[in-house]
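[1] Generate a structure from the sequence data that follows.
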Amino acid sequence: MCRNIKTLFNFDPPATDDEIQAAALQFVRKLSGFNAPSKANRRAFDRAVHDVAHIAHHLLEDLETQAPPRDRDVEAAKARERNAVRFAKA
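    I've put the predicted structure just below:
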């Protein structure tokens with residue numbers, strides 16, 4: 001899994017369009033192997049990012065949970081703690 005793609009479901013406030021777009025871009029980059037596509041591939045690449053973002057919006061709107069929304073600051077602190085442990089071992 002691409003480490004740059006973050007979980008976007010069940011946060012308060014909900015994921016923004018920019019966050020969904022960024023996740024779609026990372027996903028398409030991972031699939032295509034292109035960080036920046038050539039001129040010849042730009043249209044296909046951009047269309048794929050748009051389509052993935054569009055579908056992601058629908059997915060996030062349709063998902064349901066009984067769990068309380070997560071707090072972004074708390075989740076970010078947990079991630080920093082995991083990274084500190086991970087990199088301390090190296």
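
[2] CA-only coordinates of stretch 35-44, as CSV, when you get a sec.
    Once non-C-alpha atoms are left out, stretch 35-44 reads as follows in CSV (Å, rounded to 0.1, in the frame of the first residue of the first chain):
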residue,chain,number,x,y,z
ASN,A,35,5.2,10.6,-10.9
ALA,A,36,4.8,13.1,-13.7
PRO,A,37,3.4,11.5,-17.0
SER,A,38,4.7,12.4,-20.4
LYS,A,39,2.8,14.6,-22.7
ALA,A,40,1.5,11.6,-24.5
ASN,A,41,0.1,10.1,-21.3
ARG,A,42,-1.1,13.3,-19.6
ARG,A,43,-4.8,13.1,-20.7
ALA,A,44,-5.1,9.4,-19.6
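
[3] quick check: mean pLDDT across that stretch?
    Averaged over stretch 35-44, pLDDT sits at 95.

[4] ok, and what's touching the longest helix along the chain?
    Using DSSP state H to define each element, the chain has its longest helix at helix 39-62. With contact meaning C-beta atoms under 8 Å, 6 or more residues apart in numbering, helix 39-62 is reached by 8-9, 14-15, 17, 20-21, 23-25, 27-28, 31-32, 34, 37. In short, each C-beta sits where N, CA and C put it, glycine included.
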